[in-house]
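Undergrad: Quick one: sequence and predicted model below, then my questions.
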Amino acid sequence: MKKLVLCALLLGLLLQTSCGKKEEAAGDGRTVVTFWHSFVSSTVPALNELIAKFEKENPAIQIRAQYIPTGDALIQKLITSVQSKTAPDISWVHSDYLQDLVEADAIYKMDDFIAGPDGLSEAEMADIYPALIQYASWRGTLYSMPMEATNLALLYNRDLFRKAGLDPDRPPQDWRELHEYAKKLTVDADGDGIFEQVGFSLPVFPATGPLGGWMVWQWLPFLWQAGGELINEEQTSVLYNSEAGVAALRLWQEIYRDLKLSSYTTDYDVAFASQRQAMALDGPWNLPRYATLLKHFDWGFAPLPQGPAKKATIIGGEYLTIFKQSKHPAEAWKFIKWIIQPENQAFWAIKSSYLPINHSVLQVPEFQSYLAAHPAFKVFVDELEYSLASRPIDFHGLEITRHVAEALEKATVGDQDPAAALNESAQKSNALLQSAAK
């Protein structure tokens, strides 16, 4: 067993070194820019088209895209690559990664490029949704640039709505209706206590696993809809254990309990495609494959149901950083600057079904025509008007996110009191914030 473990470690080190190795130029003399990303397989064809478009317009540069699994594996690989001096030129990152990368002195400040001779104007910067700039920054300094935007909407099976006597043109409008519809769309056909069809699934995953942060990201809209926040503006105390947080988690707990989701699959897309699930939280990134995967029944997207305080969804995305180990930072910046131009954002949004990062993309004629022909995608674009960004957490963001995930898991899988679970996690989060302030 020890020999097997040693062999696995050596193989992993060899692969890691190979993946991170930089090349000065392609065989045809072009400058090679290595770009790490974690796009799902259905997005890769669109990414390849985007890169091909860039290379056609910039024939002296080759973008070498490499897939790296997302989640904790990506940030660990990035930190390891910095230590081994095999970092990529550009990497796709989540906003939670910025603290670790900045503290490792691994990435450039974007102002180094924005204020340069090939920079961006104030108008171009103002055109980017402010929430995305917030996510792309750490402690008020911009260290990355958004590549695309995402948010969450409600995916639902219109045929199952009809079968249950619900109007498919009127999806649930608020929390009460979401819960009621979920129960009405849950079916135990033979009365054996096992549901053959579930009305709604919740993204509950192990808090310590790679999807713990993904679970929290999908819970945050419910926190905001109840009038809550994750942390105070001074970053001295977390607020997710407020009455709003308790209300949001109690909703999840009740739905989880009523629909017996402890015995249900977390592969919601498979269950939805087989019509064993009527509703789910989902994002625009899955639209390309749904056109084929769900073609055998009537389905649609709707805005997230409104909470007791307001209507809200979350905005997010992936961000591009330039590593200080890059031998071609100017070419790396040229690629990033090219991607964020409105015409290229429109092209990328149409091809990938990610959302654009700039307001002015809505004025691009091709994009307007695309929205008119794709109502499901238009739902996500319309939601940009009330998509919110989480307040930044300058220190211990990953740990605090894990604390929230622990509370979500305890209240759903463990059926603990939501207030107690949130308070227990908040104590740990606040201790970290206090230690960072010293």
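TA: Yep, it's here.
Undergrad: I'd like to know how far Ala373 sits from Glu366.
TA: 11 Å (C-beta to C-beta, to the nearest Å). Where C-beta positions appear, they are placed from N, C-alpha and C, glycine not excepted.
Undergrad: which one of these two has more residues nearby?
TA: Remark: of Ala373 and Glu366, Glu366 carries more neighbours, 12 against 8, as counted by other C-beta atoms under 10 Å.
Undergrad: Report the spatially nearest residue to the more buried one, omitting neighbours in sequence.
TA: In space, and not counting its chain neighbours, Glu366 is closest to Ala346: 5.9 Å by C-beta to C-beta, 6 or more residues apart in numbering.
Undergrad: My read is that the one you found contacts Ser360, right?
TA: No. Between Ala346 and Ser360 there is no contact under C-beta atoms under 8 Å: 9.5 Å.
Undergrad: Looking at those two, which one has more neighbours?
TA: Taking other C-beta under 10 Å, Ala346 and Ser360 do not tie; Ala346 has more neighbours (22 against 17).
Undergrad: and the more buried one, how far is that from Leu371?
TA: The spacing between Ala346 and Leu371, counted by C-beta to C-beta, is 10 Å.
Undergrad: who are the neighbours in contact with the nearest residue to Leu211 once chain neighbours are set aside?
TA: Among residues not flanking Leu211 along the chain, Phe205 sits closest, at 3.9 Å (C-beta to C-beta, 6+ apart). With contacts taken as C-beta atoms under 8 Å, 6 or more residues apart in numbering, Phe205 has the following neighbours: 211-212, 214-215, 266, 405, 409.
Undergrad: ditto for Leu185
TA: For Leu185, the contact set (C-beta under 8 Å, 6+ apart) comprises 160-161, 164, 166, 197-200, 278-279.
Undergrad: out of everything not next to it in sequence, what's closest to it?
TA: Gly199 (3.2 Å).
Undergrad: My read is that that neighbour contacts Tyr181, right?
TA: Yes. If you go by C-beta under 8 Å, Gly199 and Tyr181 touch, sitting 6.3 Å apart.
Undergrad: Overlap in contacts, these two.
TA: The contact sets of Gly199 and Tyr181 overlap at 278-279 (C-beta under 8 Å, 6+ apart).
Undergrad: before we move on, the earlier item: now, of the contacts of Phe205, which are buried?
TA: Buried by 16 or more other C-beta atoms under 10 Å: 211-212, 214-215, 405, 409, out of those.
Undergrad: Mind picking the two most distant members of those?
TA: Spatial extent of the buried ones among the contacts of Phe205 (C-beta to C-beta) is set by the pair Trp214 and Glu409 at 12.7 Å.
Undergrad: can you tell me how far Ser137 sits from Asp111?
TA: Using C-beta to C-beta, Ser137 is found at 11 Å from Asp111.
Undergrad: same check, this time on Leu281
TA: Taking C-beta to C-beta, one finds Leu281 at 36 Å from Asp111.
Undergrad: ok, these two, which is more surrounded?
TA: Leu281 (20 against 12).
Undergrad: Mind pulling up the pLDDT for the more buried one?
TA: What the model reports as pLDDT for Leu281 is 97.
Undergrad: Just list whatever residues bridge to it.
TA: When assigned by DSSP bridges, Leu281 has beta-bridge partners Leu154.
Undergrad: re earlier: okay if I get the contacts of Phe205 as CSV plus pLDDT and secondary structure?
TA: Shown next, in CSV, are these (pLDDT from 0 to 100; DSSP: H, G, I helix; E, B strand; the rest coil):
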residue, pLDDT, secondary structure
Leu211, 91, coil
Gly212, 93, helix
Trp214, 91, helix
Met215, 96, helix
Thr266, 75, coil
Ala405, 98, helix
Glu409, 98, helix
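Undergrad: Of these, which is the nearest to Gln427?
TA: Proximity to Gln427 was ranked across those by C-beta to C-beta; first place goes to Ala405, at 15.5 Å.
Undergrad: Let me know whether Gln225 touches Lys310 as I believe.
TA: Yes. Shown here, Gln225 and Lys310 form a contact pair, counting by C-beta under 8 Å, at 6.1 Å.
Undergrad: Tell me which of those two has more neighbours.
TA: For Gln225 versus Lys310, the count of surrounding residues by other C-beta under 10 Å is larger for Gln225: 25 against 12.
Undergrad: List the contacts of the more buried one.
TA: Listed by C-beta under 8 Å, 6+ apart, the contact set of Gln225 reads 175, 248, 304, 306-312.
Undergrad: What about it? Give its phi and psi, please.
TA: Dihedral angles of Gln225 (phi, psi; degrees, to the nearest 10) stand at phi -60, psi -30.
Undergrad: Where does pLDDT dip in this protein?
TA: Along the chain, segments meeting pLDDT under 70 span 1-26, 71-72, 438.
Undergrad: go again using 50 as the cut-off
TA: Where the chain drops to pLDDT under 50, the residues are 1-23.
Undergrad: In this protein, which strand is the longest?
TA: Of all segments of type strand in the chain, defined using DSSP state E, the longest is strand 313-322.
Undergrad: and it, which strands flank it?
TA: Strand 313-322 pairs in its sheet with strand 90-93 (antiparallel), strand 145-151 (antiparallel), strand 387-388 (parallel), by DSSP bridges.
Undergrad: Out of the ones you listed, which one sits most buried?
TA: Most buried of those, by mean neighbour count (mean count of other C-beta atoms under 10 Å): strand 90-93, with a mean of 27.
Undergrad: Show me how far whatever helix or strand comes next after it is from its chain's centre.
TA: The first helix or strand that comes after strand 90-93 along the chain, using DSSP states H and E, is helix 98-103. Offset of helix 98-103 from its chain centre (C-alpha atoms, centre = their mean, to the nearest Å): 19 Å.
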